[in-house]
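Asks: here is the input, now give the coordinates:
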Amino acid sequence: MTTETLKRRKSAKRTQMKLIDLYVPAKWLEVIDELVYYGYFRNRSEAIRTAIYVHLVDRLSGWLEGEKRRNQQHDYARSVRQKSP
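Replies: Next comes the predicted model:
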């Protein structure tokens with residue numbers, strides 16, 4: 001086992017990363033490889049982690065906005081009910 005492999009394993013343990021198997025379309029992998037080749041990411045793993053993170057943040061922000069709107073509507077409906085005789 002090389003020193004680099006040991007460093008990577010220790011690093012993964014520190015950040016509590018888990019290894020997963022993932023099937024992706026070949027075209028996606030070609031795009032990821034190009035991004036790595038041109039220096040946007042250090043490796044495939046970093047590119048995929050970043051894509052997942054960005055997607056989750058985008059989804060979560062949309063979900064939070066929806067929750068905020070629902071709460072505002074609920075608060076408005078409650079205030080209207082309280083004003084009614």
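Asks: next, the buried residues of the longest helix along the chain.
Replies: As assigned by DSSP state H, the longest helix anywhere in the chain is helix 44-83. By 16 or more other Cβ atoms under 10 Å, the buried positions in helix 44-83 come out as 47-48. Every residue, glycine included, has its C-beta placed from N, CA and C.
Asks: gap between it and the chain center?
Replies: Relative to the chain's own centre, helix 44-83 is displaced by 14 Å; criterion: Cα atoms, centre = their mean, to the nearest Å.
Asks: what sits against residue 42?
Replies: If a contact means Cβ atoms under 8 Å, 6 or more residues apart in numbering, then residue 42 has residue 36 as its contacts.
Asks: how far away is the residue nearest the centre of the chain from residue 23?
Replies: In the chain, the residue lying closest to the centroid (Cα atoms, centre = their mean) is residue 53, at 2.1 Å. Applying Cβ to Cβ, to the nearest Å, the value for residue 53 to residue 23 is 20 Å.
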